[in-house]
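*Asks:* Starting from these lines, generate the structure:
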Amino acid sequence: MKSKLRWVPIGVLAAAVMSVAVGAAGGEPREVLGKAVRICLECIGIG
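*Replies:* Here you go, the predicted structure:
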């Protein structure tokens with residue numbers, strides 16, 4: 001039983017890495033950065 005539980009964190013980590021890779025390949029970092037810039041500009045009253 002202990003050996004099965006050892007693989008759970010590895011599986012979760014692998015799923016997380018794959019999710020990040022798919023998001024990065026789809027252009028998500030650029031979109032998130034653009035939204036962050038717009039929010040910051042609105043907060044200081046420029047945007």
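
*Asks:* element containing the residue nearest the centre of the chain, please.
*Replies:* The chain has V20 as the residue nearest its centroid, 5.3 Å off, counting by Cα atoms, centre = their mean. V20 belongs to helix 2-25 when assigned by DSSP states H and E.

*Asks:* Next one, pLDDT for the residue nearest to the centre of the chain please.
*Replies:* We have a pLDDT of 94 for V20.

*Asks:* what about this protein, any weak spots by pLDDT?
*Replies:* 1, 47 (pLDDT under 70).

*Asks:* Give me the contact list for stretch 10-27.
*Replies:* Outside stretch 10-27, the residues that touch it by Cβ atoms under 8 Å, 6 or more residues apart in numbering are P29. No exception for glycine: its C-beta is placed from N, CA and C like everyone else's.

*Asks:* Can you give me the separation between V8 and A16?
*Replies:* Distance, V8 to A16, using Cβ to Cβ, to the nearest Å: 13 Å.

*Asks:* Only C-alpha atoms, please: export the next helix or strand along the chain from the helix holding V20 in CSV.
*Replies:* Next in sequence after helix 2-25, counting helices and strands by DSSP H and E, comes helix 28-43. Extracted in CSV, the C-alpha atoms of helix 28-43 (Å, rounded to 0.1, in the frame of the first residue of the first chain):
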residue,chain,number,x,y,z
GLU,A,28,-1.8,31.8,-22.1
PRO,A,29,1.3,33.6,-20.6
ARG,A,30,0.9,36.5,-23.1
GLU,A,31,-2.8,36.8,-22.4
VAL,A,32,-2.3,36.8,-18.6
LEU,A,33,0.4,39.4,-18.9
GLY,A,34,-1.8,41.6,-21.0
LYS,A,35,-4.6,41.4,-18.5
ALA,A,36,-2.2,42.2,-15.7
VAL,A,37,-0.9,45.3,-17.5
ARG,A,38,-4.4,46.5,-18.2
ILE,A,39,-5.5,46.1,-14.5
CYS,A,40,-2.4,47.9,-13.3
LEU,A,41,-2.9,50.8,-15.6
GLU,A,42,-6.5,51.1,-14.5
CYS,A,43,-5.5,51.1,-10.9
